[in-house]
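A.B. asks: Okay, here's the prediction I keep looking at, along with the sequence it came from:
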Amino acid sequence: MLKKIFALIKKDFLNEASYKFAFIFNIFSVMVSLLIYYFIDKLFGYKMNWHLEEYGINYFSYVLLGMAFFSYIGTGVGSFSARIHYEQIQGTLESLLITPTPVYIILLSMGLWNLIFATLNVLVYIGTGVFLFKINFSHINILSATVVLILTIISFSSLGILSASFVIVFKRGNPLGWIINNLEGLLGGVYFPVGVMPAFLQFAAKFLPITYAIRAMQLAVYKGYTLAKLKNECLLLFFFSIILLPLSLSSFKFALKKGREQGSLAKL
Amino acid sequence: MSVIIEFKNVSKKFILSGFPGQKMTVTTALQNINFTLEKYKSLAILGPNGAGKTTLLKIISTLILPDSGAVEINGYLVGKDDGKIKSIIGLASAEERTFYSRLSGNQNLEFFAALYGLNKKEIQMRLGQLFKLFAIDYGDRRFDSYSTGMKRKFCLIRALLHNPEILLLDEPTKSLDYNSACELREYIGRLNNEGKTVIFTTHNIEEAENLCDLFLILYRGEIFGFGTKEELKNKANSHSADLAEIYLKLTQNA
């Protein structure tokens, strides 16, 4: 089993490495987007101060962590559907499924590679924040941040797998991909604290796992909150995880069965 | 000799447009298919485009599920024992895009060999054998830079990596030049002589006649003939020994 996982990850690495400039451009685009928010902070950041009091940071620090974490979620765990779609475009999905490799191994390896790639992305954000913009991460509570990260990965992997199921059955028009990439970014407190929004949007944000994930991560990193202090956020993320994970796995199994019934696994 | 493939009343339809509950356009890919194939035989599936040839191969390879009926591969049931079936079949698809185009030929084959459960040493040994068999001496080029003939060879090699008992070939000589097609036919013949059960689809009746013991004639999802050339000749009441004429006679009233 481990050999198969290693082979799948190695294949993804070799494929990614064949796009020589992509990673370098990615670093530049991270730096440019951070610079944009840096100047926005210089101009209007003071207006956010009272919303950020509980985190004890300025707007730029808030948005840097929000973007890094959201990129982790988006690139890392929200991109199952993109990976499945890529295999369909390449015509390799059937080639994978014809080997005696269980589907959960294929999914697990996709998830692992996504996380490795996303971690590199986050390191660029954090590295730029520390070395270029002198952001202070010294208060971080590593245990809390790790637990929040793991719970977030499980919740969002599940959403990612659900979204991949849509791609297998409907090919395009994947509503979950849109929710992960847009709605969560808007409502979840990635670019600004949830408190900035009108009351009805704040209410809607309560139903999204990212709201709790971002808040808990900001508090664990900048305020050093312990798990006891983050109990509510962690419990809610745990609740999302135990509902979404079995739902997503069974939906993926169902989608593959549908694809085999319709003979559409290799179709775009 | 023991039976390795058995189709029992297998039917398959595809929805072309519409949703259940609405007006749907449905096409019948296979209708009430029954046949058995013994081990070590070679079978050519003949029929025009849309006859159901690829659907039949994909059902054997577990990529498509039948709507009704049962398919047994070496005693294993499609839809139930898929893992076991996958380890005894090798499929060379007619599609060109089934490899990772930005990886080299070697990298692709090493990857798929690992998914078939081969270890590093076995992979090197097997690739060495297969590269020799198919006379390939450059596997390190990017896959999308190979000619169509080379891509077909890689397809066959991938299907053979785990030394499967059954080899499924979907139009193996499609879009190949004359020389490459002859070369590939020679390999296929050799593989059957070495004890593999070979099933392949083709439009080329001459090719089928040269390579196979048995023929299955599919037309609009139905079997119009199955057996040796002699058996088909009797069924068609044909005086000719030419398989092409027998084929035409069997399908002319369809």
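C.D. replies: Thanks, I have the structure now. Predicted model only: the values in this text are computed from it and were never measured.

A.B. asks: for chain A, what are the nearby residues on chain B?
C.D. replies: Contact residues, chain B versus chain A (CB under 8 Å from any CB of the partner chain): B:12, B:14-15, B:29, B:55, B:58, B:61-65, B:67, B:83-84, B:86-87, B:89, B:91, B:93, B:95-103, B:107, B:110-112, B:114-117, B:119, B:158. Placement of C-beta: from N, CA and C, glycine included.

A.B. asks: Can you flag which of those belong to helices?
C.D. replies: Among the residues of chain B next to chain A, the members falling in helices (DSSP state H) are B:55, B:58, B:83-84, B:86-87, B:107, B:110-112, B:114-115, B:158.

A.B. asks: List only buried entries from those residues.
C.D. replies: B:Thr55, B:Lys58, B:Lys86, B:Ser87, B:Gln107, B:Glu110, B:Phe111, B:Phe112, B:Ala114, B:Leu115, B:Arg158 (16 or more other CB atoms under 10 Å in any protein chain shown).

A.B. asks: For the one helix or strand A:Leu35 maps to, C-alpha coordinates in CSV please.
C.D. replies: Remark: A:Leu35 resides in helix A:22-44, with elements defined by DSSP states H and E. Taking C-alpha atoms only, helix A:22-44 is exported to CSV below (Å, rounded to 0.1, in the frame of the first residue of the first chain):
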residue,chain,number,x,y,z
ALA,A,22,5.2,27.7,-12.4
PHE,A,23,6.5,27.5,-8.8
ILE,A,24,8.7,30.6,-9.3
PHE,A,25,5.8,32.6,-10.7
ASN,A,26,3.7,31.4,-7.8
ILE,A,27,6.3,32.9,-5.4
PHE,A,28,6.1,36.2,-7.2
SER,A,29,2.3,36.2,-7.3
VAL,A,30,2.3,35.6,-3.5
MET,A,31,4.6,38.5,-2.9
VAL,A,32,2.7,40.8,-5.2
SER,A,33,-0.7,40.0,-3.5
LEU,A,34,0.9,40.5,-0.1
LEU,A,35,2.3,43.9,-1.2
ILE,A,36,-1.2,45.0,-2.3
TYR,A,37,-2.6,44.2,1.1
TYR,A,38,0.4,45.8,2.8
PHE,A,39,-0.4,49.1,1.1
ILE,A,40,-4.1,48.7,1.7
ASP,A,41,-3.2,48.3,5.4
LYS,A,42,-1.1,51.5,5.2
LEU,A,43,-4.0,53.4,3.8
PHE,A,44,-7.1,52.0,5.5
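
A.B. asks: longest helix anywhere in the chain?
C.D. replies: Going with chain A. Identified as the longest helix of chain A according to DSSP H is helix A:231-262.

A.B. asks: Oops, wrong one, chain B.
C.D. replies: helix B:178-193.

A.B. asks: Quick check: next helix or strand after that one?
C.D. replies: Later in the chain than helix B:178-193, the nearest helix or strand by DSSP H and E is strand B:197-202.

A.B. asks: Can you tell me how far B:Asn237 is from B:Arg158?
C.D. replies: Distance from B:Asn237 to B:Arg158, counting by CB to CB, to the nearest Å: 43 Å.

A.B. asks: I misspoke; the intended subject was B:Leu184.
C.D. replies: Following CB to CB, the distance that separates B:Leu184 from B:Arg158 is 14 Å.

A.B. asks: go on, B:Asp144?
C.D. replies: 16 Å.

A.B. asks: do B:Ser101 as well
C.D. replies: In terms of CB to CB, B:Ser101 sits 14 Å off from B:Arg158.

A.B. asks: give me the number of residues near B:Leu214?
C.D. replies: Using other CB atoms under 10 Å in any protein chain shown, B:Leu214 has 20 neighbouring residues.

A.B. asks: Is there proximity between stretch A:103-112 and chain B?
C.D. replies: No: looking at stretch A:103-112 against chain B by CB under 8 Å from any CB, there are no contacts, and the closest approach is 8.9 Å.

A.B. asks: now what about the one helix or strand in chain A whose mean pLDDT sits lowest, what contacts it?
C.D. replies: Least confident element among the helices and strands of chain A, by mean pLDDT, DSSP states H and E: helix A:175-178 (a mean of 71). For helix A:175-178, contacts defined as CB atoms under 8 Å, 6 or more residues apart in numbering or on different chains pick out A:Gly78, A:Ser81, A:Ala82, A:Leu159, A:Leu162, A:Ser163, A:Phe166, A:Val167.

A.B. asks: and those as a markdown table, adding neighbour count, secondary structure and distance to chain B?
C.D. replies: Shown next, in a markdown table, are the contacts of helix A:175-178 (neighbours: other CB atoms under 10 Å in any protein chain shown; DSSP: H, G, I helix; E, B strand; the rest coil; distance: CB to the nearest CB, whole Å):
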| residue | neighbour count | secondary structure | distance to chain B |
| --- | --- | --- | --- |
| A:Gly78 | 25 | coil | 23 |
| A:Ser81 | 22 | helix | 19 |
| A:Ala82 | 19 | helix | 16 |
| A:Leu159 | 26 | helix | 25 |
| A:Leu162 | 24 | helix | 21 |
| A:Ser163 | 27 | helix | 21 |
| A:Phe166 | 19 | helix | 15 |
| A:Val167 | 22 | helix | 17 |
